[in-house]
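K.L.:
After the sequence you'll find the predicted model.
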Amino acid sequence: MATTDKIQQFFDTDYPLNHEGVSELIASFELKHIPKHSILLSQGAYDQKLRFLNEGVVRDYYAGSRKETNINFYTRPQFITDFSSFINQVPTQKNQESLTDIEVLELGNDRFGELMEKYSCGRNFITLTFQRLLRTKELFEYNRMTKEPEELYRELLIYKAHWLQELPQYHIASYLGITPETLSRIRKRIS
């Protein structure tokens, strides 16, 4: 399988737009191999790369003075860039870490800007991406504000079962906003 097959498939299925320019966009990416436990993005930095995860697992998290809170995991081929920071050139609030050795395709902000100027489908991609991010963020906030950890865990069993198989339990507990011990009690109760 070519290194760009997954990103091509992503655009074919997730962004079935006018594909004018997509081939040039995909050809502009560089392949990188990054070892496990590498920091990909740090709070306060500007995300300068459009990054597509080909292989591996990455977590997004916020880091306070006393704790880290996981907010998302990327386990399938998809973009992992902080689009708000990348497009608006503002400091990110997030941190990103590779939880496994990963393979990513990267494209610098300057080259991405050139392609966006050249092809109209790029603007559609950005608009759709921000619409999806907004929906995901609203759902995440709604769930955190209205649901109990056990209900959230039950939803993970249905919608993100692969997370429960691929990620350490302490990362799942952090995502749910509970301790690993509380997660163990929930798992025993519903098993």
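P.N.:
Right, received. Where do you want to start?
K.L.:
Just give the strands next to the helix or strand hosting residue 103 in its sheet, each with its orientation.
P.N.:
Per DSSP states H and E: residue 103 is located in strand 102-108. Strand pairing for strand 102-108, determined by DSSP bridges: strand 30-34 (antiparallel), strand 49-55 (antiparallel).
K.L.:
what's it in contact with?
P.N.:
3-4, 7, 25, 28-34, 36, 38, 48-58, 80 (C-beta atoms under 8 Å, 6 or more residues apart in numbering). Bear in mind the C-beta positions are built from the backbone N, C-alpha and C, glycine included.
K.L.:
ok, now stretch 167-186?
P.N.:
Under the criterion C-beta under 8 Å, 6+ apart, residues 57, 59, 61, 67-71, 73, 75, 99, 144, 149-150, 152-153, 156, 163-164 lie in contact with stretch 167-186.
K.L.:
Just the buried ones from the residues you listed, in ChimeraX syntax?
P.N.:
To isolate the buried ones among these in ChimeraX, judged by 16 or more other C-beta atoms under 10 Å, type:
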select :57,59,61,70,71,73,75,99,149,150,152,153,156,163
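K.L.:
give me the element the nearest residue to residue 72 once chain neighbours are set aside is part of.
P.N.:
For residue 72, the nearest residue in space outside its immediate sequence neighbours is residue 60; the separation is 4.2 Å by C-beta to C-beta, 6 or more residues apart in numbering. When secondary structure is defined using DSSP H and E, the element that contains residue 60 is strand 58-63.
K.L.:
What separation is there between the residue nearest the centre of the chain and residue 36?
P.N.:
The chain has residue 80 as the residue nearest its centroid, 3.9 Å off, counting by C-alpha atoms, centre = their mean. Look at residue 80 and residue 36: by C-beta to C-beta, to the nearest Å, they are 15 Å apart.
K.L.:
returning to what we had before: can you tell me which of the contacts of stretch 167-186 are in helices?
P.N.:
For the contacts of stretch 167-186, membership in helices holds for 144, 149-150, 152-153, 156, 163-164, with DSSP state H as the criterion.
K.L.:
returning to that earlier point: show me what the residue nearest to residue 72 bridges to in the sheet.
P.N.:
For residue 60, the beta-bridge assignment (DSSP bridges) gives partners residue 72, residue 96.
K.L.:
count of neighbours near it?
P.N.:
The burial count assigned to residue 60 is 20, neighbours taken as other C-beta atoms under 10 Å.
K.L.:
now swap in residue 173 and tell me
P.N.:
Taking other C-beta under 10 Å as the criterion, the count of residues near residue 173 is 20.
K.L.:
What of residue 127?
P.N.:
Considering only other C-beta under 10 Å, residue 127 is surrounded by 11 other residues.
K.L.:
Sketch out the low-pLDDT regions of the protein for me.
P.N.:
Along the chain, the parts satisfying pLDDT under 70 run over 1, 15-19.
K.L.:
any idea how far the nearest residue to residue 49 once chain neighbours are set aside is from residue 23?
P.N.:
When the adjacent residues along the chain are set aside, residue 49 lies closest to residue 106, with 4.7 Å between them (C-beta to C-beta, 6+ apart). Using C-beta to C-beta, residue 106 is found at 18 Å from residue 23.
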